[in-house]
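Q: need a 3D model of the sequence below.
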Amino acid sequence: LHLIHTLSLHDALPILAELGELEHDSEVSYKHLSGVVGDSKDLDATSLEAVKEKIRSEFDCQICYAIYLDPLTTTCGHTFCRKCLQRVLDHSSYCPICRRLLDLSHTISPTQYPSNKRLISLLTSLWPSLLTARRALLATEESPTPADLDLPLFVCTISFPTMPTFIHVFEPRYRLMMRRVLDSDRRFGMLLHNPEQIPQPGLGTTPPFFEYGTLLHIVSAQLLPDGRSLIETVGISLFRVLRHGVRDGYLVGNVKRVEDLPLADEEALEIAETATTADVDADADASPFAALSTQDLMALCTAFVRRMRAASAPWMHARTLRVYGECPTSPAQFPWWFASVLPLPEGDKYALLQTTSVRERLKICAAWVERIERVPE
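A: Predicted coordinates:
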C-alpha cells in the first residue's frame, strides 16, 4: 500500500484502519510522490485551492453574507464584521444567531473589543483579492453622501398614495434607516424591487429598483425586543428618482414629486379623446376605452367590483376591506384602492405610478377588468 508523502505514516495508518482500508496483517510501504504524479508543489497548490473552495462559505458574515471584514468574535462565540455587528447593536442587544444577550457597547471600538487576529491572518493569506474588493465596496458605501440625496429609500414592494402599506423591518440596514426616519420627519420613499434589471430611462442605468415610487409617512411603529419593527404607513404622493446613492448600507435619493394634471387639463384630455375616437376607424391604435368618458370608465370599474363582491371573490374579503376601506366613489382615489386589493402582479400595478392623469389610470383599471373577465372560470 503506497501512501502519499503529505501524510506521515503515523497519521495515515489510523485513518486507513478506521475506514476499513487497512487490514491488521497488511504490509505497508512508503513511496515518495516525486516522479509518480508530477511535481509536489503543483499538487500542493491544487490541494490548497480545493480546500479554499470547500471552506470559503465558513468565512462569510451571517449578517451581510459577504467575506468577513474586520471580524469581531462575541462572547457567545459567533463572529461578524465589526460594521455589521455595530448596525445590529443600533437596534438590538442580542446575538443575530443564537439570540443571547450581548454585553457590548454600541460603539464596539477596536481598543475595547479587539478584532479576531487569527481570523484576519487566515483571510489575508487565503483571499487577499476578495478582501481588497470588500474594502473598496465599503469605502464606496461610506463615502460622503451628497446633501441633495436626502430621502431614504426602501426597496421592497409597491405602494400607492392615500393607501396603507405595512412593513416588517428586519434587515440591519433598514433598522438603522427606520430609526433615523422616526427621529426626523417620519417620511421615506418606497420603491418596487427590479430583480430582472429592467432599464430605467430616467436614470440611464439598470438599478435594482424601478424609478417611480411613493412617498410614505409613518403612522405607527412597533419596535420588537429583538430589534425588528412593524411599521404602518400611508402613501402621500408619487415621485421619480433623479439620482441615488448609498448611506450606511441603505439607499438615499434625490427625487422629484410627480403631480397630476390640473382639473382643466383633465377635462380637455377627456374631450379630445372622446371626440377623436367617436369614429372607430379614426385611430386603430387607440385604447378601446378612450371613447368612454371618465364617468363611464369609473362606472365600468365599480360595476365590476360590485359583481366580484356579490360573487364572494377572495380578494373582496371583509378583512381586506377593513384594511383598505370600502370602494371609493372618487375617480381620483379609486385606482389606488383598486390596485391595492386586486390580486395582480406588482409589475402590472406599477403602470399606475407612471401616469399623471386620473383618466389614464382609470383606463388601466378598465383594461384589468377586461383581462380578468376574459379568463374562463
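Q: that's a helix at E326, yeah?
A: No - according to DSSP: H, G, I helix; E, B strand; the rest coil, E326 belongs to no helix; its state is coil.
Q: what is whichever strand or helix holds K52 packed up against?
A: Secondary-structure assignment from DSSP states H and E places K52 in helix 40-55. Applying 3 or more C-beta pairs under 8 Å, 6 or more residues apart in numbering; DSSP states H and E, one finds that helix 40-55 contacts no other helix or strand. Just so you know, the C-beta spots here come from the backbone N, C-alpha and C atoms, and that holds for glycine as well.
Q: average pLDDT across that helix?
A: Taken as a whole, helix 40-55 has a mean pLDDT of 81.
Q: likewise stretch 72-84?
A: 92.
Q: let me know the next secondary structure element after the helix holding K52.
A: Toward the C-terminus, helix 40-55 is succeeded by strand 71-73 as the next helix or strand (DSSP H and E).
Q: which strands or helices does that following strand pack on?
A: By 3+ C-beta pairs under 8 Å, 6+ apart, strand 71-73 packs against strand 79-81, helix 82-89, helix 117-126.
Q: rewinding a little: export the helix holding K52 to PDB, keeping only CA atoms.
A: As requested, the backbone C-alpha atoms of helix 40-55 are provided in PDB (Å, rounded to 0.1, in the frame of the first residue of the first chain):
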ATOM      1  CA  SER A  40       4.500  18.000  -5.500                       C
ATOM      2  CA  LYS A  41       4.300  21.800  -5.500                       C
ATOM      3  CA  ASP A  42       1.700  21.700  -8.200                       C
ATOM      4  CA  LEU A  43      -0.300  19.200  -6.200                       C
ATOM      5  CA  ASP A  44       0.100  21.400  -3.000                       C
ATOM      6  CA  ALA A  45      -1.300  24.400  -4.900                       C
ATOM      7  CA  THR A  46      -4.200  22.400  -6.400                       C
ATOM      8  CA  SER A  47      -5.000  20.900  -2.900                       C
ATOM      9  CA  LEU A  48      -4.900  24.400  -1.400                       C
ATOM     10  CA  GLU A  49      -7.300  25.800  -3.900                       C
ATOM     11  CA  ALA A  50      -9.700  22.800  -3.400                       C
ATOM     12  CA  VAL A  51      -9.600  23.400   0.400                       C
ATOM     13  CA  LYS A  52     -10.200  27.100   0.000                       C
ATOM     14  CA  GLU A  53     -13.200  26.400  -2.200                       C
ATOM     15  CA  LYS A  54     -14.600  24.000   0.400                       C
ATOM     16  CA  ILE A  55     -14.200  26.300   3.300                       C
END
